[in-house]
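Chemist: Pasting the sequence and the predicted model now:
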Amino acid sequence: MKRISSILIIVGILIACYPFARDTYRGYWELKLLKQWEEGSVGQQFREMNDVLNTGEQIPSEDDATVYNPSIQEGTMGIIQIPKIDVLLPILPGASNSNLNKGAGHLTETNELGEIGNSAVAAHRSHTYGRFFNRLDELEVGDKIIIKTYSGEFIYTVYDKKIVVPTDLSVLKSTKEERILTLITCTPLYRSTHRLIIHAKVI
């Protein structure tokens with residue numbers, strides 16, 4: 001009888017501890033996978049993009065006059081159009097310094113433009129009013145962003161706007177249910193201390 005009582009007590013303790021053990025185990029793997037993700041190709045590309053934004057966002061006036069053609073051409077993935085702030089830019093593959101001096105750059109390790117998941121696009125915060133993502137801070141929830149690619153046209157609606165530190169990789173978190181677009185630029189203007197993030201989705 002005493003043995004049965006002891007067994008029941010042990011079973012009771014195990015049952016009581018199970019939720020804690022389960023959550024601890026899940027937490028361990030979440031942190032492990034997040035660390036692997038941060039150290040992987042997405043994290044590497046995100047760090048490279050930050051380097052470009054940090055060193056190249058303050059474009060001199062003579063470089064600001066760079067001529068670009070906002071049409072889908074060879075080497076261009078698509079076009080981003082934001083009617084509210086009069087943005088019309090070509091989207092190039094990769095957020096290199098060269099690409100961001102010509103238009104917007106797609107972080108190629110994120111999902112393809114228009115696909116289910118999270119597609120990230122970065123651009124400089126030019127000093128010239130209306131140039132590149134200079135006026136991105138004017139966007140509000142409900143505003144529209146149009147992406148045109150070889151696959152078609154996708155209309156995104158802004159649902160979130162926030163300011164984060166440059167190392168915050170959570171803004172690139174993907175999804176298997178929605179088509180998310182994440183726009184990234186520096187803030188405040190003339191500085192590189194933080195990142196202005198605009199999240200939009202196809203509704």
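Modeler: Received it, and whenever you're ready, just let me know what you need.
Chemist: where do the helices sit along this structure?
Modeler: For the chain, the helices defined by DSSP state H occupy 2-39, 41-56, 61-64, 97-100.
Chemist: Which secondary structure element of this protein has the lowest mean pLDDT?
Modeler: helix 61-64 (a mean of 42; mean pLDDT, DSSP states H and E).
Chemist: Below-threshold pLDDT in this protein: ranges please.
Modeler: Low-confidence segments of the chain (pLDDT under 70): 1-74, 127.
Chemist: try 50 this time
Modeler: Counting by pLDDT under 50, the chain has low-confidence residues at 8, 11, 14-15, 17-23, 25-26, 29-30, 33-34, 36-38, 57-69.
Chemist: give me the number of residues near Lys148?
Modeler: Neighbourhood size, Lys148 [other C-beta atoms under 10 Å]: 20. (C-beta placed from N, C-alpha, C; glycine too.)
Chemist: Touching, it and Thr76? I think so.
Modeler: No. Lys148 is not in contact with Thr76 according to C-beta atoms under 8 Å; the separation is 10.3 Å.
Chemist: what about the longest strand in this protein?
Modeler: If you go by DSSP state E, the chain has its longest strand at strand 152-164.
Chemist: pretty sure Asp160 contacts His199?
Modeler: Yes. When contacts are counted by C-beta under 8 Å, Asp160 is listed as touching His199 (4.0 Å).
Chemist: Which one of the two is surrounded by more residues?
Modeler: Neighbours per residue (other C-beta under 10 Å) separate Asp160 from His199, with His199 holding more: 17 against 13.
Chemist: Spit out the contact partners of that one.
Modeler: Contact analysis of His199 by C-beta atoms under 8 Å, 6 or more residues apart in numbering lists 158-162, 171, 180-182.
Chemist: what helices or strands is the longest strand of the chain leaning on?
Modeler: strand 144-149, strand 179-187, strand 194-202 (3 or more C-beta pairs under 8 Å, 6 or more residues apart in numbering; DSSP states H and E).
Chemist: JSON lines please, covering the ones you listed and showing distance to Gly105.
Modeler: Formatted as JSON lines, the helices and strands packed on strand 152-164 follow (distance: least, C-beta to C-beta, whole Å):
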{"stretch": "strand 144-149", "distance to Gly105": "14"}
{"stretch": "strand 179-187", "distance to Gly105": "9"}
{"stretch": "strand 194-202", "distance to Gly105": "14"}
